[in-house]
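1. Return a 3D structure for these sequence lines:
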Amino acid sequence: MDFTLDVYRQLILTLLAQGFAFQSFAGFMQNPANRAIILRHDIDKLPANALKMAQLEHDLGVKGSYYFRVVPGVWNPGVMEKITALGHELGYHYEDMAIAKGDLSKAMAHFESQLAQFRNIYPVTTICMHGSPLSRHDNRALWQTYDYRDFGIIGEPYFDVDFTKVFYITDTGRKWNHVGASIRDRVDSGFDIPVNSTAHLAELAAQGKLPDQMMITVHPQRWHDRAGPWVKELVWQNVKNGVKRVGVRFGVLAG
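-> Here you go, the predicted structure:
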């Protein structure tokens, strides 16, 4: 059974055994290890799951970056503080263009106010776009007019990582690098490495078939050890992936 915390633990242990250094995104931006994994977490919902994953990683001596949305049910300062206390980085999973319905000035004002709220909890220096698959607005469009560096931000993965050199892999849609499940969470990659499951990803690592630098993006709400939530997430993601495919086909969603 894939997408359980035990399977995730085994993946981390396998990568550690292969000599990979786990880095936050800010850490990678400042001093990239030669053999590095940027461990990125997009918190789209269920912040309690993020805390479980953060604790698991802490117990294994691993650090990563946790990007929270600011919508109700996700914004949770108590959970954020506990995650940063475990040594992880906190960042803003921004979706300001979608929230402002494409109004640039409103989106920028929203970004500034939310970043200030984050910085009441943690000295945020990196941000990461939320794909907002049901919106026609690409949140990255904000930076065609503004510059996030003016706000003390040193990195945004979709702008500041050379993905022809850093292998990008994401569990978007509850599959690894599944094109049909990713509306905007895609990169121009120099790699063609099919991954069928988390166990397969661990197997590739054990066989020395993975690049020296990777960004692994996980969504903690997808990872469950209890059967009920696991099945619920499986069914929901299958429905959501189908909606995405239809939306892209008929031009309702960005492809």
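2. Name all residues that make contact with Leu90.
-> Counting by Cβ atoms under 8 Å, 6 or more residues apart in numbering, Leu90 makes contact with Ser65, Tyr66, Phe68, Met80, Ile83, Thr84, Phe118, Ile121, Tyr122, Val124. Just so you know, the C-beta spots here come from the backbone N, C-alpha and C atoms, and that holds for glycine as well.
3. cool, His41 as well?
-> Contacts of His41 by Cβ under 8 Å, 6+ apart are Ala50, Met53, Ala54, Gly64, Ser65, Tyr66, Tyr67, Thr217, Val218, His219, Pro220.
4. now Ile153
-> Residues counted as contacts of Ile153 (Cβ under 8 Å, 6+ apart) are Val124, Thr125, Thr126, Ile127.
5. hmm, 6 Å instead?
-> Contacts for Ile153 (Cβ atoms under 6 Å, 6 or more residues apart in numbering) come out as Ile127.
6. any idea which helix or strand carries it?
-> Under DSSP states H and E, no helix or strand contains Ile153.
7. try Ile127
-> Assigned by DSSP H and E, Ile127 falls within strand 127-129.
8. For the contacts of His41, work out which two are farthest apart.
-> Across these, no pair lies farther apart than Ala54 and Thr217, at 15.1 Å, counting by Cβ to Cβ.
9. Comparing the two, which residue is more hemmed in?
-> Between Ala54 and Thr217, counted using other Cβ atoms under 10 Å, the more crowded position is Ala54 (25 against 20).
10. now the strands for the protein?
-> Counting by DSSP state E, the chain has strands at residues 21-23, 36-43, 65-68, 89-94, 127-129, 167-170, 213-218.
11. so what does the fifth one touch, helix or strand wise?
-> In this structure, strand 127-129 packs against strand 89-94, with contacts taken as 3 or more Cβ pairs under 6 Å, 6 or more residues apart in numbering; DSSP states H and E.
12. mean confidence score for the strand it packs on?
-> For strand 89-94, mean pLDDT rounds to 99.
13. what does stretch 160-178 give?
-> The model assigns stretch 160-178 a mean pLDDT of 91.
14. can you give me how far it is from the chain middle?
-> On the basis of Cα atoms, centre = their mean, to the nearest Å, stretch 160-178 sits 9 Å off its chain's mean C-alpha point.
15. Same check on stretch 72-80?
-> Here the centre of stretch 72-80 is set off from its chain's centre by 16 Å, with Cα atoms, centre = their mean.
16. do you know how far the nearest residue to His200 once chain neighbours are set aside is from Ala206?
-> Excluding the flanking residues, the one nearest His200 by Cβ to Cβ, 6 or more residues apart in numbering is Trp176, at 7.9 Å. Between Trp176 and Ala206 the computed distance is 16 Å (Cβ to Cβ, to the nearest Å).
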